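1. turn this into a structure:
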Amino acid sequence: MKAIKLLSSVLSLALCSTNDGCKKLYNLPSLKSRFAVIASAFLFTGALSVSSAQAVSSAQESGFENHTVFHNFNGYTFTGSPGKTARLLSFTVMVIADGKIVDTGNQQLIEQYEGARKINLLGRTVLPGLIDSHGHISSLGENLSLVDVRGTTSRTQAVAAVANYAHKNQHHEWIVGRGWNQELWPDRRFPTRQDLDEVINDRPVWLVRVDAHAGWANSKALEMAGINDDTVDPPGGQIIRDSSGKATGVLIDTAMAMVQQALPIATDEQLTDINNKAFEHLLSLGITQVHDAGVDARRLGIFRDLAAEGELPLRVNAMIASSEPTLAELLAAGTFRSADDMLQINSVKVYGDGALGSRGARLIEPYSDDEGNTGLLINPEERVRELFTVTHNSGFQINYHAIGDYTNRLALNEFERLPASEHEYRHRVEHAQIVSMDDIPRFLALNIIPSMQPTHATSDMNMAEDRVGSERIAGAYAWREFLDQGSLIAAGSDFPVELANPFYGIHAAVTRQDRDNQPVEGWYPEQRMSLQEALRSFTLDAAYAGHLDNVTGTLEPGKWADFIVLDQNPMRIKPEDLWRIRIEYTFVAGKKVYKRPI
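-> Next up is the predicted model:
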């Protein structure tokens, strides 16, 4: 009977890989249906070699009927403690059972599992599943559904994209999108509401900047938000005005909330669909774990429901948003970790400042290109102290958003004030983007983890030095400074601010170049990571920063079998080609949750 079921699974997957019937499979409403069907029995068709049904019978006799042996591949994993003492191991055989790794080794290992199911990976490369230490799942799902103005090279091009989207979506009450970046436009100036009014003035338009720290509204959206020329700037935010004091339509940081509160509220069904889109996209990129930065109570509830039903397809470490009205109740309820380690809630994202591109990052001295402006604090210092204290005393990890050098120093000062404890918090600074050279050693002294996003450096290099000048840039995106002193870096992308592909981040970390491989020598190349450091920051060190290094982050016996199969070997290609690597298969807990379309 088992042999018949095995053959049936092979035939089903073969049909799925050779005709359009597979598309219907991925339109099933249940997330479990969507991901679990392709996961059954670890079977491959066409591209990879699978043992015959006879092997199943042999496995029953040998006691290895629930074991699967992957072989004939180039595998790499770190072992040992996180950080620079970790060692890179290579292997060609991996044995898994019940979703976990049983053993790894060389070809001789196969003989110890005679009769187990065998899968030949045909010389491909295997790595641990990659971890994004700072992303935004719901925002990514929304971004995949809305008007995308990322990469537009002029205001005119961005407006045209909005007009085209609005024309195709006449039923939408609001036109919402994301991705504009005035630094890519010829005049590098903020846009205005009039730019949008010219193409659509009967419906509200709201476009979030690429960094999510500024928004661009048309006049209708400002009207619906109750914003006029006399509206006072909220604490931690700014309404950009022209020389005559009129609101231009650009809102910075907390001022964005005035428009966002006027947006239609998504239903639970819509939120679930948004999350599903994000999950599918992330798995296609080899991401098996995400630290979701800033999650409200409603989305926490959705994640908990999915976890309880076994329908989370990747691991989620959900940081509670410090702005959540029920924060006190959530902290009082204590930390949470599901039995299968698919969902963890044990940290709080505390908001510090804005972003560099919109000049909202808080600096010690004024911006070099904006005299008198030192940026914004989203939470005043006394509120930061309150949040640090209550989060720490509740046994939760603090993940503090800090872009500017002022905010990074503020974070370190507040961490220093916290009472000593035997509890291992692994507190973090999210971004640690512009840091005073005097403050970098304090990260190690206080055991604070810098959670950094390599592609921020290559996206910001066209304006970062303009913002902070030649002296402060020495402490900007300073990966080498942190690594050389012994700090570990938890890497991520900050998706959808940056594209989620982790190999874009690995490429940026190793080369300090964009995907055109510019500048030729790299931008401040002395701050580059080695390839091993970059891979470690997306695997073992990221798992450590999320308190899951005991069960994920490496391919070692006893840990979950979260792994990816690549089309190229990163150890054997030129650094400038790292971003071209594609994912063939993604596995979570031994189940195949993504297969690259043929």
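2. how close does the residue nearest the centre of the chain sit to Glu498?
-> In the chain, the residue lying closest to the centroid (Cα atoms, centre = their mean) is Gly135, at 3.0 Å. Going from Gly135 to Glu498 by Cβ to Cβ, to the nearest Å gives 9 Å. All C-beta atoms are positioned from the backbone trio N, CA, C, and that covers glycine.
3. now the longest strand anywhere in the chain: mean pLDDT?
-> Using DSSP state E to define each element, the chain has its longest strand at strand 67-79. Averaged across strand 67-79, the pLDDT comes to 98.
4. check stretch 318-333 too.
-> 98.
5. show me the contact partners of it.
-> For stretch 318-333, the surrounding residues in contact (Cβ atoms under 8 Å, 6 or more residues apart in numbering) are 291-297, 299-300, 303, 343-345, 347-351, 379, 387, 390-391, 394, 396, 399.
6. rewinding a little: tell me who's in contact with the residue nearest to the centre of the chain.
-> Applying Cβ under 8 Å, 6+ apart to Gly135 gives the contacts 282, 290-293, 492-495, 500.
7. could I have the buried ones of the contacts of stretch 318-333 as ChimeraX selection syntax?
-> The command below creates a ChimeraX selection of those among the contacts of stretch 318-333 that count as buried (16 or more other Cβ atoms under 10 Å):
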select :291,292,293,294,295,296,299,300,303,343,344,345,347,348,349,350,351,379,387,390,391,394,396,399
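8. OK, contacts around Pro570?
-> By Cβ under 8 Å, 6+ apart, Pro570 lies in contact with 125, 127, 503, 506, 531, 535, 578, 581.
9. list the buried residues in the helix or strand that the longest strand of the chain is followed by.
-> Downstream of strand 67-79, the first helix or strand assigned by DSSP states H and E is strand 87-97. Across strand 87-97, burial judged by 16+ other Cβ under 10 Å covers 89, 91-97.
10. what is the nearest of these to Thr272?
-> Nearest to Thr272 out of the buried residues of strand 87-97 is Ile96 (Cβ to Cβ; 29.8 Å).
11. tell me the bridge partners for the closest one.
-> Going by DSSP bridges, Ile96 is paired in beta bridges with Thr68, Ile101.
12. for stretch 347-359, how far is the first residue from the last?
-> 28 Å (Cα to Cα, to the nearest Å).
13. swap in stretch 175-195?
-> 14 Å.
14. next, count neighbours for Lys100.
-> 16 (other Cβ atoms under 10 Å).
15. kindly report the same for Ser139.
-> Look at Ser139: counted by other Cβ under 10 Å, it has 21 neighbours.
16. residues in contact with it?
-> Ser139 makes contact with 178, 212, 495-496 under the criterion Cβ under 8 Å, 6+ apart.
17. which of the residues you listed lies closest to Gln157?
-> Nearest member of those to Gln157, counting by Cβ to Cβ, is Arg178, at 15.1 Å.
18. partner residues bridging the closest one?
-> Beta-bridge partners, per DSSP bridges, of Arg178: Asp148, Val208.
19. residues in contact with it?
-> Counting by Cβ under 8 Å, 6+ apart, Arg178 has contacts 139, 142-143, 146-150, 207-210, 212, 496.
20. run through the protein and note the low-pLDDT ranges.
-> Counting by pLDDT under 70, the chain shows low-confidence ranges at 1-62.
21. domain assignment for it?
-> Following automatic domain parsing, one finds the domains of the chain at 2-128, 143-260, 268-552.
22. list the contacts of Tyr76.
-> Tyr76 neighbours (Cβ under 8 Å, 6+ apart): 88-91, 125-127, 535, 571.
23. and for Val162?
-> Per Cβ under 8 Å, 6+ apart, neighbours of Val162: 147, 149, 175, 177, 196, 199-200, 205, 207.
24. strands paired with the particular helix or strand that has Tyr594 in it, and their directions?
-> Element membership of Tyr594 [criterion: DSSP H and E] is strand 591-595. With DSSP bridges as the test, strand 591-595 is paired with strand 583-588 (antiparallel).
25. now do the strand it pairs with against strand 67-79, angle only.
-> Strand 583-588 runs at 100 degrees relative to strand 67-79, counting by axes from the mean of the first three to the mean of the last three Cα atoms, to 10 degrees.
26. got the angle between strand 583-588 and strand 87-97?
-> Computed with the same axes, to 10 degrees, the direction of strand 583-588 lies at 70 degrees from that of strand 87-97.
27. the chain should start at 7 in everything you say after this.
-> Let's use 7 as the start, then, which means that last one is strand 589-594.
28. and strand 589-594, what's buried?
-> For strand 589-594, by 16+ other Cβ under 10 Å, it's 589-594.
29. how about stretch 247-254?
-> Residues of stretch 247-254 classed as buried by neighbour count (16+ other Cβ under 10 Å): 253-254.
30. need the helices for the stretch 407-556 of the chain, in chain order.
-> Counting by DSSP state H, counting those that start in this stretch, the stretch 407-556 of the chain has helices at residues 411-423, 446-451, 460-466, 470-478, 485-491, 508-517, 537-543, 546-551.
31. next up, the contacts around Asn207.
-> Asn207 is in contact with 224-226, counting by Cβ under 8 Å, 6+ apart.
32. and which of those residues is nearest Glu487?
-> Of those, the one sitting nearest to Glu487 (Cβ to Cβ) turns out to be Asn224, at 43.5 Å.
33. double-check the closest one against Leu202; I have them as touching.
-> Yes: counting by Cβ atoms under 8 Å, Leu202 is a contact partner of Asn224 at 3.7 Å.
34. any shared contact partners between these two?
-> Listed contacts common to Asn224 and Leu202 are 211, 255; contacts here mean Cβ under 8 Å, 6+ apart.
35. first to last residue in stretch 210-224, what's the distance?
-> First residue to last in stretch 210-224 (Cα to Cα) measures 6 Å.
36. re earlier: quick one: closest of the domains of the chain to Val571.
-> Minimum separation from Val571 across the domains of the chain (Cβ to Cβ) falls at domain 8-134, 5.1 Å.
37. related to what we said a few turns ago, farthest-apart pair in the contacts of Val168, please.
-> Farthest pair in the contacts of Val168, by Cβ to Cβ: Val155 and Ile206, 13.7 Å.
38. more crowded one of the two?
-> Between Val155 and Ile206, counted using other Cβ under 10 Å, Val155 has the larger neighbour count: 23 against 18.
39. quick one: the more buried one from Thr380, how far?
-> Distance from Val155 to Thr380, counting by Cβ to Cβ: 29 Å.
40. can you check Glu487 too?
-> Going from Glu487 to Thr380 by Cβ to Cβ gives 23 Å.
41. and Val168, by the same measure?
-> 33 Å.
42. circling back to that earlier point, farthest-apart pair in the buried residues of strand 589-594, please.
-> So, these by Cβ to Cβ: farthest apart are Glu590 and Val594, at 15.0 Å.
43. surely Gly147 meets Ala284?
-> Yes: using Cβ under 8 Å, Gly147 is in contact with Ala284, at 3.8 Å.
44. okay, the two: which has more neighbours?
-> In this comparison of Gly147 against Ala284, neighbours counted by other Cβ under 10 Å, the higher total goes to Ala284 at 27 against 24.
45. and the more buried one, what does it touch?
-> Contacts of Ala284 (Cβ under 8 Å, 6+ apart): 143-144, 146-147, 150.
46. in CSV: those, plus secondary structure and distance to Asp472.
-> Shown next, in CSV, are the contacts of Ala284 (DSSP: H, G, I helix; E, B strand; the rest coil; distance: Cβ to Cβ, whole Å):
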residue, secondary structure, distance to Asp472
Ile143, helix, 32
Ser144, helix, 32
Leu146, helix, 29
Gly147, helix, 33
Leu150, coil, 32
